[in-house]
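S.K.: All I have is the shape, not the residue letters:
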């Protein structure tokens, strides 16, 4: 990947990570702040809702307190048996009840007994001392206002139609009354009470006033933005929440979670609530009767979807700004890196041309920065290389001439070595034959001193013969005359037996025995003459450096394509530090245990060259003080000749 592409990819990755992080942070921040703001707004709406709800109580209380000062009502309380007065007061109060749209308007005796009801059939005589409003007035002789739940029996006594209305509106025969009870005081003593109130079951004026005052009856995507509800326990008895058919959802119940939090624990609940069929950001507050018992809930909620869409819009705006900013930053960074990398690219091109031999190319230097300094340094280097190139070419020509001269000298040396070795071979062989003729007594008996002297001469001639043979082989190798003539060789009969026969005298002299484990069926594809040189050298070394009376083992191991051959002898072995020298030309082992062992240092080198020309390899293993083994590989026979 080119440097510009790496920079571009790095910029894209950095800005992508940055965009994701900013987007996540923005979404979390906007989401938290939007929802938090909405919840705060709902709390404010709830305070407004309570003002409206309590505002409904205030005129009821005011009306009841005015009636408590009415003289005719006071006269009736002082003389309940006056039927004419009772009738006149009843007619007047019934007109007031209907005018103020009250469901209940009663006159009570000081003990809570009903003296007068203004609703047909004008039942009286029952005692309402257990009523929360009446109970509080009896205890404090002060006005009592708020909300209370009226039982089915109480509604039946208050007048026909009330029970039917509660059942029709919410399915529950009980009713929630918002009202007041006011004491009638005369000369410091309680002479009676006025109780009046209105049922909230099925009533819509209060919840609609809350909606209109707080939310301005606004709709969003067909749903009311704001809703309000009055609950009797967990039952909606007055609401402008709509069901999926567009009807007011009276008679439905709040979730169990909200009911437990508000009705059972008496705490306000604020958060997301699934109201009938839509999510609203809501608040539920407990409604208590004058005794402090929780009898219901007041709810206000604002449509969540409005805030979700607002949040989406805000996030979209934020992200758009971020994306535009990142694109501009990317383009700016792109052109900056491009201006930086262009000189680097030219410098790279100059380096390629220099490496291809164009020493005359120069990099234009336009900037006085680090890249400009680098370009100037490159030009200076190119000038120096161009200046040195002529000298190098001259030196190279001189080296080539010297190399040709050395090759010619080496060729002459090898030719002379081969010639001398060849010329010495025949006289040496004749001399050795004559020597052994005398030494073995064919020309007459010789004394021990003469035999010892002749033995010494024979050893020198044998070494001389070995050296001549090695030099002849080296000459052939160096001159490239050692060509492989592959044939199928039956290793045992064709090669091993003749070699061992040639060393029979040397083996007998050192009292060494040979264990030949090579099967007669082993067939190789090799040059028999060259392979004999390998075995001659290895077995000769095994005899020369092996222990007197020791054993020489010959082995062969076949695998799929190759045959591994080895020559192992008992002896002093070879130290690890000597191993790397074994197969080098003219290399001999300089150690005390090999002192007096003559050799040219060419045998193993010759073996290595022959084995490698066959496509094999040769190596040595040894255990110091016990044995040494030379192994080499030769291809198996797989050809027809």
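M.R.: Okay, I see it. Model, not experiment: these values are computed from the prediction.

S.K.: Quick one: the helices in the stretch 51-200 of the chain, in order.
M.R.: Along the stretch 51-200 of the chain, counting by DSSP state H, counting those that start in this stretch, helices occupy 71-78, 83-99, 132-140, 152-158, 162-170.

S.K.: One more: the stretch 301-450 of the chain?
M.R.: Using DSSP H, counting those that start in this stretch, the helices assigned to the stretch 301-450 of the chain run over residues 304-355, 370-439, 448-478.

S.K.: returning to that earlier point: tell me which of the helices of the stretch 51-200 of the chain sits nearest to residue 287.
M.R.: For the helices of the stretch 51-200 of the chain, the distance to residue 287 is smallest for helix 132-140, at 12.5 Å, taking C-beta to C-beta. Just so you know, the C-beta spots here come from the backbone N, C-alpha and C atoms, and that holds for glycine as well.

S.K.: Check which helices and strands that closest one sits against.
M.R.: Applying 3 or more C-beta pairs under 8 Å, 6 or more residues apart in numbering; DSSP states H and E, we find helix 132-140 packed against strand 144-150, strand 175-186, strand 189-199.

S.K.: same thing but 6 Å
M.R.: When contacts are defined as 3 or more C-beta pairs under 6 Å, 6 or more residues apart in numbering; DSSP states H and E, helix 132-140 packs onto strand 144-150, strand 175-186.

S.K.: returning to what we had before: output the helices of the stretch 51-200 of the chain in CSV; the columns should cover mean pLDDT.
M.R.: Below are these laid out as CSV (pLDDT from 0 to 100):
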stretch, mean pLDDT
helix 71-78, 91
helix 83-99, 91
helix 132-140, 93
helix 152-158, 92
helix 162-170, 88
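
S.K.: how about these in TSV, adding distance to residue 377 and mean neighbour count?
M.R.: Putting the helices of the stretch 51-200 of the chain into TSV (distance: least, C-beta to C-beta, whole Å; neighbours: other C-beta atoms under 10 Å) gives the following:
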stretch	distance to residue 377	mean neighbour count
helix 71-78	115	16
helix 83-99	106	15
helix 132-140	100	20
helix 152-158	105	18
helix 162-170	93	19
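
S.K.: Please convert those helices to JSON lines, extending it with distance to residue 250.
M.R.: Formatted as JSON lines, those follow (distance: least, C-beta to C-beta, whole Å):
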{"stretch": "helix 71-78", "distance to residue 250": "36"}
{"stretch": "helix 83-99", "distance to residue 250": "24"}
{"stretch": "helix 132-140", "distance to residue 250": "24"}
{"stretch": "helix 152-158", "distance to residue 250": "17"}
{"stretch": "helix 162-170", "distance to residue 250": "5"}
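
S.K.: Pull the distance from stretch 607-626 to the chain's centre.
M.R.: With C-alpha atoms, centre = their mean, to the nearest Å as the basis, stretch 607-626 stands 53 Å off its chain's centre.

S.K.: Span of that stretch from start to end?
M.R.: Its first and final residues considered, stretch 607-626 spans 23 Å by C-alpha to C-alpha, to the nearest Å.

S.K.: next one: stretch 613-631
M.R.: Its first and final residues considered, stretch 613-631 spans 16 Å by C-alpha to C-alpha.

S.K.: So what's the gap between it and the chain middle?
M.R.: 53 Å.

S.K.: quick one: buried residues of that stretch?
M.R.: Residues 614, 616, 618, 620, 622, 627-631 are the ones in stretch 613-631 that count as buried (16 or more other C-beta atoms under 10 Å).

S.K.: Need those residues in TSV (columns: distance to residue 608, pLDDT and secondary structure).
M.R.: Shown next, in TSV, are the buried residues of stretch 613-631 (distance: C-beta to C-beta, whole Å; pLDDT from 0 to 100; DSSP: H, G, I helix; E, B strand; the rest coil):
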residue	distance to residue 608	pLDDT	secondary structure
614	11	87	coil
616	10	91	coil
618	5	94	strand
620	11	94	strand
622	17	93	strand
627	21	93	strand
628	16	95	strand
629	16	95	strand
630	10	95	strand
631	12	95	strand
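
S.K.: Check those residues and tell me the two furthest apart.
M.R.: 614 and 627 (25.8 Å).

S.K.: Would you mind measuring from residue 613 to residue 606?
M.R.: 11 Å (C-beta to C-beta, to the nearest Å).

S.K.: Go through the buried residues of stretch 613-631 and name the one nearest residue 490.
M.R.: The closest of the buried residues of stretch 613-631, once distances to residue 490 are taken by C-beta to C-beta, is residue 614, at 16.7 Å.

S.K.: for that closest one, what are its contacts?
M.R.: For residue 614, the contact set (C-beta atoms under 6 Å, 6 or more residues apart in numbering) comprises 526, 634.

S.K.: Following the chain onward from the helix or strand of the chain with the lowest mean pLDDT, which element is next?
M.R.: None of the helices or strands of the chain scores lower by mean pLDDT, DSSP states H and E than helix 448-478, at a mean of 62. Counting by DSSP states H and E, the element after helix 448-478 in chain order, helix or strand, is strand 487-490.

S.K.: Name the strands paired with that following strand and say parallel or antiparallel.
M.R.: strand 523-526 (antiparallel) (DSSP bridges).

S.K.: And the strand it pairs with, how far out from the chain middle?
M.R.: Worked out by C-alpha atoms, centre = their mean, strand 523-526 lies 59 Å from the chain centre.

S.K.: Just the residues contacting stretch 118-127, thanks.
M.R.: Outside stretch 118-127, the residues that touch it by C-beta under 6 Å, 6+ apart are 93-94, 97, 105, 112-114, 117, 157, 159.

S.K.: end-to-end on that stretch?
M.R.: One end of stretch 118-127 to the other measures 16 Å (C-alpha to C-alpha).

S.K.: pLDDT averaged over it, what's the number?
M.R.: Across stretch 118-127, pLDDT averages out at 90.

S.K.: quick one: that stretch to chain centroid distance?
M.R.: How far stretch 118-127 lies from its chain's middle: 80 Å, per C-alpha atoms, centre = their mean.

S.K.: ok, and for it, which residues are buried?
M.R.: Judged by neighbour count using 16+ other C-beta under 10 Å, the buried positions of stretch 118-127 are 118-119, 124.

S.K.: cool, stretch 50-70 as well?
M.R.: By neighbour count on 16+ other C-beta under 10 Å, the buried set for stretch 50-70 is 52-53, 56-57, 60-61, 63-64, 67-68, 70.

S.K.: ok, how many other residues are close to residue 280?
M.R.: Using other C-beta atoms under 10 Å, residue 280 has 26 other residues around it.

S.K.: Which residue comes closest to it once chain neighbours are left out?
M.R.: Leaving aside its chain neighbours, residue 280 sits nearest to residue 301 (3.4 Å; criterion: C-beta to C-beta, 6 or more residues apart in numbering).

S.K.: thinking again about what came up before, which one among the buried residues of stretch 50-70 gets closest to residue 383?
M.R.: residue 52 (95.1 Å).

S.K.: That closest one reaches residue 209, doesn't it?
M.R.: Yes. If you go by C-beta atoms under 6 Å, residue 52 and residue 209 touch, sitting 5.4 Å apart.

S.K.: Among the buried residues of stretch 50-70, find me the one that's closest to residue 513.
M.R.: residue 53 (124.9 Å).

S.K.: Next up, the contacts around that closest one.
M.R.: Residues near residue 53 by C-beta under 6 Å, 6+ apart: none.

S.K.: Just the pLDDT for it.
M.R.: 90.

S.K.: any idea how far residue 190 is from it?
M.R.: Separation of residue 53 from residue 190 (C-beta to C-beta): 29 Å.

S.K.: burial of the residue nearest to residue 280, as a residue count?
M.R.: Residue 301 has 26 neighbours, counted by other C-beta under 10 Å.

S.K.: on that earlier part again, tell me which of the buried residues of stretch 613-631 is nearest to residue 276?
M.R.: Closest to residue 276, out of all of those and judged by C-beta to C-beta, is residue 616, at 93.3 Å.
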